[in-house]
Every structure is written in C-alpha cells, then in structure tokens.
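Colleague: coordinates for the following, if possible.
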Amino acid sequence: MKAWLSLALLATTASAADDEALTPQALEELVQCASFERYQALQPALLDVVFDKGPAWIRKSEQASSLGVYVYDLQRPIRVFGVETTRLALHKEFVSVPLPSVWTMAEAASRLRLKRAPIRATEQYYRFVGNDGPMLSAYQMPANPMAALLGAPQDEPLRYLGCSYNGAGEEAFLAVAAQADEMMEKARGDMARILRDTAKPSED
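Modeller: Residues are numbered from 1 along each chain as shown. Below you'll find the predicted structure:
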C-alpha cells in the first residue's frame, strides 16, 4: 500500500523541501487523481488553503461550505473531466469539485467508468487508479449533516466529483463501505438517545 499523509497530520510531518506552489494546473492534476506522490508534494500548499493562507486566487466560500467540507471560490478557473469550474472542495482526503450541474451522478459514473459503492443511504461511485489508488469518485453528502443524522427533512444533497488520496486499496474501501449503512443507523440511534436524555426533566 502506498504511503500517504492526511492534512490533519501534515503540520508535524511535512518538510519545507516538499513545498510546491498551488497552481490551477496542479489542482487539475489532484482532482483527476494524478498520483500519491503529487498529492504529498502539494499537501503543504493545500494545508495553507485550509488555514486561509493559500494563494490570493483561492478564497473560502462560507456560504457553500458545510460541516466537514471546505469549499473555495477560484478566481482562476480550472478544467477537470472536460468541464470548467470555479469551485474547489476539500473533504478529509478528497480533493474535489462540485458535480457539474449538467451531469447526474449516473452520468458521471458512465463517463468516468465508475462502479456503484455498496451503500444504500447515499449515492457513491468509484474507480481505483492503480491497485492501491488513488480513488476517483463521484459522491454525495448531506447539505445538513445534523439533520441527516436525526433523520429530518433536508435540502438536496451536495454532490462532488474528485479524488480520494486515502491510501486504502479497493478491498479495504469496500469493507468499510459495506458497514456504512449500519454505522449510520447506529449513529442515529445514539443521537436519538442523547436527545431523549437531554429532554428528561432533572431530578434535582
């Protein structure tokens, strides 16, 4: 399995010698699954973006960002998968762009030869680039994660297209994906119990 560094660990593991400038071309490469090595070389620059220290042409969109997903407006457009965009999304190990408005998830899967992940609660398609990745993916996330956790009505989900540099191979990814629905149901149950306990009158 190829080595990889998460953004969360970058501050203590990246060296100044690895720094590279973040250019539109570099972002295009990352979104389209360039390589683990390219991702590692550009991680310091991505971390600068997360901490609002990135290039002047990349600025965080507070309105478009949601819990766990950082969305940025690009003053210099990038062209990925044959479509131009002015938005970038960073989510955990994903470097993504919003799904083109003219595409459905199924169309993205067809165009990019992606397979459906074994998850019922959400729609995700994937294809590994090489045996151990990185992993090209079209995926969706709830617009309001808390509402989704509570099973409450919410707006249309957010849809993204990009690359995961997690470092896990396809077998490991599918093993986790197969448990995703069960984990979501457990999380909902835990949240429901917390809310019930909070609503109980105090005995003091």
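Colleague: which residues touch A34?
Modeller: C163 (Cβ atoms under 8 Å, 6 or more residues apart in numbering). Placement of C-beta: from N, CA and C, glycine included.
Colleague: kindly recompute the last result at 10 Å.
Modeller: 26, 28, 41-42, 95, 129, 134, 163, 165 (Cβ atoms under 10 Å, 6 or more residues apart in numbering).
Colleague: repeat for G133
Modeller: If you count contacts by Cβ under 10 Å, 6+ apart, G133 has them with 1-2, 4, 33, 35-36, 93, 126-127, 163-170, 172-173.
Colleague: please produce a PyMOL select command covering the buried subset of the residues you listed.
Modeller: Restricted to buried positions by 16 or more other Cβ atoms under 10 Å, the PyMOL selection for these reads:
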select buried, resi 2+4+33+35+36+93+126+127+163+164+165+166+167+168+169+173
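Colleague: so which of the contacts of A34 are in helices?
Modeller: Counting by DSSP state H, the contacts of A34 place 26, 28, 41-42 in helices.
Colleague: from these, which is closest to A56?
Modeller: Minimum distance to A56 across the ones in helices among the contacts of A34 is 15.6 Å, recorded for A26 (Cβ to Cβ).
Colleague: thought that closest one was touching L42?
Modeller: Yes: with contact taken as Cβ atoms under 10 Å, A26 and L42 are classed as touching, separated by 5.8 Å.
Colleague: where do the strands sit along the chain?
Modeller: Assigned strands in the chain, in chain order: 58-60, 70-80, 83-91, 94-98, 115-116, 124-128, 135-141, 158-164 (criterion: DSSP state E).
Colleague: same list (the ones you listed) but as CSV, adding mean pLDDT and distance to A21.
Modeller: Conversion of those to CSV gives the following (pLDDT from 0 to 100; distance: least, Cβ to Cβ, whole Å):
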stretch, mean pLDDT, distance to A21
strand 58-60, 96, 12
strand 70-80, 96, 13
strand 83-91, 96, 15
strand 94-98, 96, 16
strand 115-116, 94, 35
strand 124-128, 94, 29
strand 135-141, 93, 24
strand 158-164, 95, 20
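Colleague: measure F94 to A56 for me?
Modeller: Per Cβ to Cβ, to the nearest Å, F94 is found 24 Å from A56.
Colleague: about what we covered before: and the strands of the chain as JSON lines, adding distance to A108?
Modeller: Compiled in JSON lines, the strands of the chain are given as follows (distance: least, Cβ to Cβ, whole Å):
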{"stretch": "strand 58-60", "distance to A108": "24"}
{"stretch": "strand 70-80", "distance to A108": "12"}
{"stretch": "strand 83-91", "distance to A108": "10"}
{"stretch": "strand 94-98", "distance to A108": "11"}
{"stretch": "strand 115-116", "distance to A108": "12"}
{"stretch": "strand 124-128", "distance to A108": "7"}
{"stretch": "strand 135-141", "distance to A108": "4"}
{"stretch": "strand 158-164", "distance to A108": "6"}
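Colleague: what is the burial count for I78?
Modeller: Number of residues near I78 (other Cβ atoms under 10 Å) recorded here: 22.
Colleague: list the residues that contact it.
Modeller: Applying Cβ under 10 Å, 6+ apart to I78 gives the contacts 23-32, 84-88, 97.
Colleague: relative to I58, how far out is the residue lying closest to A64 once chain neighbours are set aside?
Modeller: Spatial nearest neighbour of A64, chain neighbours left out: V71 (3.9 Å); criterion: Cβ to Cβ, 6 or more residues apart in numbering. According to Cβ to Cβ, V71 and I58 sit 11 Å apart.
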